[in-house]
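In: What would the 3D arrangement of this be:
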Amino acid sequence: MLVSTVVLAGPSKLPYDGLFHAKASWRLACDYGTPEQLVAHGELTCVVDDVAKAGGSKRAHVTCDGQDDVLGDIHEWALEPRTLVATERGLWSVDDHGPDGKCGDLAHITDQPPLLSARPSAGKRRRDDDPSGHAGMWFVTSALDRSWCVGKMPWGWGGGTHVWVTCFSPGGAITGVAGMKRESSTIELRCGHVPDPQAVLDAIQH
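Out: I've put the predicted structure just below:
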């Protein structure tokens, strides 16, 4: 079940506008476990706790709570508090302390490709995160019903396979969040309406 509550503001021509209203919130029912046996595991609640405008852009800080006991570092990255930035070109996301950087990077965030463009299309891209080009992040974008989902997987950093996915409606609702961690075994968290994390991984690796 997906419950969305948005505090309405004036009209805006920027994409994903619903993400940029103070106190906007989304409640996503979650399942957790192995891919073979996922069971209900409460809800994830995501809230916009701060918004700002700067020139032709908007910013919103989002926090998600309710699944603090699962997935370890996948929780740290998949559900990390983050700042979202929108311009007429699209939507960017910067984790407070995760692999996408810190909020201090926001001054140059729109110099990079957006997480989702204003007119998304399915596809895959790679980002290099160090000068040697030996580590970075894969992104894969896909449509799911009336939402667009972005799956991310770090590469070149060692450790097990980590994948996380966030889905947004064109109007700016968070419709799904998922994380997958594969080390000695595979565990998943799926909240809301999201693609199968394994399918996201397959799309990145092929």
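In: Show me the residue sitting in the middle of this structure in space.
Out: Thr166 (3.5 Å; CA atoms, centre = their mean).
In: hey, what's that one bridged with?
Out: Taking DSSP bridges as the rule, Thr166 bridges to Val150, Val177.
In: Arg190 is in contact with that one, correct?
Out: No - counting by CB atoms under 8 Å, Thr166 sits too far from Arg190 to count as a contact (11.9 Å). Backbone N, C-alpha and C define where each C-beta goes, glycine included.
In: And the pLDDT for the residue nearest to the centre of the chain?
Out: At Thr166, the model reports a pLDDT of 94.
In: which stretches of this structure have low pLDDT?
Out: 1-13, 71-78, 98-105, 133, 157-160 (pLDDT under 70).
In: and the longest helix for this structure?
Out: Taking DSSP state H as the criterion, the chain has its longest helix at helix 197-205.
In: picking up where we left off before, list the residues that contact the residue nearest to the centre of the chain.
Out: By CB atoms under 8 Å, 6 or more residues apart in numbering, the contact list for Thr166 reads Ala78, Ser93, Cys149, Val150, Ile174, Gly176, Val177.
In: Between these, which sits nearest Asp17?
Out: Ile174 (13.3 Å; CB to CB).
In: how far away is that closest one from Pro81?
Out: As judged by CB to CB, to the nearest Å, Ile174 and Pro81 stand 13 Å apart.
In: same deal with Val150?
Out: Taken as CB to CB, the span from Val150 to Pro81 is 18 Å.
In: more neighbours, these two?
Out: Applying other CB atoms under 10 Å to Val150 and Pro81 shows that Val150 carries more neighbours, namely 20 against 16.
In: Surely that one is in contact with Pro114?
Out: No - when contacts are counted by CB under 8 Å, Val150 is not listed as touching Pro114 (9.8 Å).
In: All the helices of this structure, residue numbers only.
Out: Going by DSSP H, the chain shows helices at 73-78, 197-205.
In: Which positions in the longest one come out as buried?
Out: Which is helix 197-205. Residues Pro197, Val200, Leu201, Ala203, Ile204 are the ones in helix 197-205 that count as buried (16 or more other CB atoms under 10 Å).
In: just stretch 139-147 next, same as before
Out: Phe139, Val140, Thr141, Ser142, Ser147.
In: ok so, going back, need the contacts of Thr166 in CSV (columns: distance to Tyr16).
Out: Below are the contacts of Thr166 laid out as CSV (distance: CB to CB, whole Å):
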residue, distance to Tyr16
Ala78, 19
Ser93, 11
Cys149, 13
Val150, 12
Ile174, 10
Gly176, 15
Val177, 15
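In: And the furthest pair within the residues you listed?
Out: Spanning the widest gap among those are Ser93 and Gly176, at 14.4 Å by CB to CB.
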